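Undergrad: all I have is the shape, not the residue letters:
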């Protein structure tokens with residue numbers, strides 16, 4: 001499982017891609033998924049900064065940037081994830 005923001009978790013084995021939501025093709029993908037009821041909004045009212053495409057044709061909207069989610073998926077710790085002593 002990977003945290004995609006605000007304590008929301010997604011099964012990391014089911015993730016196909018994590019993309020930036022600003023491109024026109026991604027916007028169309030999200031709009032079509034919304035119309036079909038396949039969107040899971042995990043932003044808690046914040047701006048969508050990443051779109052997570054899952055195997056089951058579900059789309060997850062996240063308030064985290066794709067780079068942060070990618071680091072969490074790979075298990076790396078960056079400065080913002082460093083353990084607190």
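TA: Noted; the coordinates are in hand. Since this is a predicted model, take the numbers as computed values, not measurements. Numbers count the residues shown, from 1 in each chain.
Undergrad: flag every buried residue along stretch 67-78.
TA: Buried residues in stretch 67-78, counted by 16 or more other CB atoms under 10 Å: 68, 69, 71, 72. Placement of C-beta: from N, CA and C, glycine included.
Undergrad: state the helix or strand in which the second one lies.
TA: Element membership of residue 69, judged by DSSP states H and E, is helix 66-74.
Undergrad: tell me which other helices or strands that helix touches.
TA: The contact analysis (3 or more CB pairs under 8 Å, 6 or more residues apart in numbering; DSSP states H and E) places helix 66-74 against strand 2-3, strand 15-19, strand 50-54.
Undergrad: strands paired with the first one, and their directions?
TA: According to DSSP bridges, strand 2-3 has the following sheet partners: strand 9-10 (antiparallel).
Undergrad: give me the mean pLDDT for the partner strand.
TA: Strand 9-10 carries an average pLDDT of 94.
Undergrad: which helices and strands sit right next to the longest helix out of those in the chain?
TA: Determined from DSSP state H, the single longest helix within the chain is helix 24-35. On a contact count with 3+ CB pairs under 8 Å, 6+ apart, helix 24-35 meets strand 50-54, strand 59-62.
Undergrad: buried residues in that helix, which are they?
TA: Across helix 24-35, burial judged by 16+ other CB under 10 Å covers 26, 29, 30, 33.
Undergrad: I appreciate the help and will end here.
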